[in-house]
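> Sharing a model prediction with you, sequence too.
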Amino acid sequence: NDNGSFDMTFGAGGRVVTGFPAEADNGAGAAQDTQAIYIAATCIEMGQGKPCVTRILLDGVVDVAFSANAKLPGNSGPYAGFSSVAVSHGRVIAAGNCLPNARPCVARFLADGSTDNGFGNAGVQSLPLDSSLYDVLAAQGAQIAVKGYCVSSRTSDFCLAQVQNQLPPLPPLLLQATGGDGSIAVAFSPPPFNGGETITGYSLACNGGGVAIGLTSPLQLTGLNNGQSYQCTLSAINTIGASAPIAFTLTPTVSPVTLLAVLSRKIHGAAGTFEIELDRAQSLTGTVTVEPRSAAKPHLLVFQFSGPILNVGNPVVTGVDGLPAGTAVATIRGNDVEVSLEDIGYDRRVTVSLPAINSTQGTVSVSLGFLTGDGSRSRAVNAADISGVKAQVGQPVGANNFRFDIDASGSINALDVQAVKARTGIVLR
């Protein structure tokens, strides 16, 4: 405790007997992180010393599994043992004397107590010096600093040594993860520690969705299923290995789209394609936009959206009575949905609805009137339409007169005049 008394909540009466699985042990240096206390020691097995580290949790419970692993194999003998320990980036580093010849050495252990084979020779780095036990002074970043006594000309001098401490990097810093159209993207910044080696890449992996590797932020993984939840990880990679992964869950989704316009489109032979933009604000019984061109050919409505359309439901066509009023087939073309209409009739009001936009974004609808011959758009075929079509006979079909090319043939002629006259007096129902 702060006043020097024993912390009675730690171990038994403030004390812990390490309980090394050996005949005896002599404790030496110790270190602590946020999870445990580590003790460097010389374990005595069969009368021989062995460099070892034990781990005690902060409540005083000995981590037996770690302690059983954290011993250097083949190092039992006189003068073999660890004298100090440190914790660095998830690794446990111990220094002391190792066999053969009780040379000073530094060892690195993984979180489970096993030797880190990515360090030195099978987890141990021997120092080419004649010296006594070495102590770890610091283990920060990519270097381990140790101290001891070097023997030279029959004298012992204080000396320092430095050992490279290359590690896998720390995880990158995840800034943002977003689900897009069939994709997941992550923005990140480099890890605070690269492990002493150059970062060679970053890995974005999603369970069931593959892996994306790149050198810079952001990273994007494509080819995923919209609406499906993915368990993903982000890691940094150097020449030693990969960092601990950052885990997150995301669901790719299509960004909400907005209906921008609905066009009634027809091809007028060699004259080209001409479109009428429908007034989407009008109700079915209001002053709807009129399509005056012949119903002898299928009508094509084009719903134009602000973003990609992946799927839609089957379009529905209803009349003023609420009953079906023709047939409709939808075709998706990027940001557009083309709806081909047939069997509508030539003097009907209808509402065309597209349900289940991108599965989850509801229904869009537009109302319009089909009244063949109503080039003046008055919702009745009358004398104004007859005079209007007569005035355009023989004129090239263009943006200002295509409505009088009733049969959409690409020319305005006597057939168009006849079509208007035959329907004079008919009013949009």
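That came in fine, so what should we check first?
> What helix or strand is the spatially closest residue to residue 275 that is not a sequence neighbour located in?
Spatial nearest neighbour of residue 275, excluding adjacent residues (Cβ to Cβ, 6 or more residues apart in numbering): residue 263 at 4.2 Å. Glycine gets a C-beta too; all of them are placed from N, C-alpha and C. Using DSSP states H and E, residue 263 sits within strand 259-267.
> Now do that strand: which elements does it pack against?
Using 3 or more Cβ pairs under 8 Å, 6 or more residues apart in numbering; DSSP states H and E as the contact criterion, the secondary-structure elements in contact with strand 259-267 are strand 273-277, strand 299-305, strand 364-371.
> try it again with 6 Å
Under the contact definition 3 or more Cβ pairs under 6 Å, 6 or more residues apart in numbering; DSSP states H and E, strand 259-267 sits against strand 273-277, strand 299-305.
> Can you list the buried residues in it?
259, 262-264, 266 (16 or more other Cβ atoms under 10 Å).
> go on, stretch 228-235?
Taking 16+ other Cβ under 10 Å as the neighbour-count basis, stretch 228-235 is seen to contain the buried residues 230, 232-235.
> Stretch 380-390 now?
The neighbour-count check on stretch 380-390 (16+ other Cβ under 10 Å) flags 380-382, 385-386, 388-389 as buried.
> Hmm, the residue nearest to residue 275 is touching residue 302, no?
Yes. Contact status for residue 263 versus residue 302: in contact at 4.5 Å, counting by Cβ atoms under 6 Å.
> okay, and the common contacts of these two?
Among the neighbours of residue 263, none is also in contact with residue 302 (Cβ atoms under 6 Å, 6 or more residues apart in numbering).
> list the contacts for the residue nearest to residue 275?
Taking Cβ under 6 Å, 6+ apart as the contact definition, residue 263 lies against 275, 277, 302.
> which one of the residues you listed is nearest residue 45?
residue 302 (83.2 Å; Cβ to Cβ).
> what bridges to that closest one?
residue 263, residue 338 (DSSP bridges).
> number of nearby residues for it?
18 (other Cβ atoms under 10 Å).
> distance of it from residue 332?
Separation of residue 302 from residue 332 (Cβ to Cβ, to the nearest Å): 11 Å.
> Mutual contacts of those two, please.
With contacts defined as Cβ under 6 Å, 6+ apart, no residue is adjacent to both residue 302 and residue 332.
> would you list every one of the helices in the stretch 51-200 of the chain?
Counting by DSSP state H, counting those that start in this stretch, the stretch 51-200 of the chain has these helices, from start to end: 64-69.
> picking up where we left off before, which of the contacts of residue 263 lies closest to residue 179?
Proximity of the contacts of residue 263 to residue 179 (Cβ to Cβ) peaks at residue 302, which lies at 29.1 Å.
> can you pull the contacts of the closest one?
Taking Cβ under 6 Å, 6+ apart, we find residue 302 in contact with 263, 265, 336, 338.
> Sort out which one of these lies nearest residue 108 for me.
Distances from these to residue 108 were compared by Cβ to Cβ; the smallest belongs to residue 336, at 61.0 Å.
> Thought residue 304 was touching the closest one, still the case?
Yes. When contacts are counted by Cβ under 6 Å, residue 336 is listed as touching residue 304 (5.4 Å).
> Helix or strand with the lowest mean pLDDT in this structure?
For the chain, scoring each helix and strand by mean pLDDT, DSSP states H and E identifies strand 135-140 as the least confident one, at a mean of 64.
> For residue 79, give its distance to residue 383.
Using Cβ to Cβ, one obtains 119 Å as the distance from residue 79 to residue 383.
> I'd like the contacts of residue 263 as TSV, with distance to residue 406 and pLDDT appended.
Listed next are the contacts of residue 263 as TSV, based on distance: Cβ to Cβ, whole Å; pLDDT from 0 to 100:
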residue	distance to residue 406	pLDDT
275	16	97
277	19	97
302	21	98
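> Can you tell me the closest non-neighbouring residue to residue 415?
Once chain neighbours are set aside, the closest to residue 415 by Cβ to Cβ, 6+ apart is residue 407, at 5.9 Å.
> do residue 69 as well
Setting aside the residues directly before and after it, residue 69 is nearest to residue 113 in space (Cβ to Cβ, 6+ apart), at 3.1 Å.
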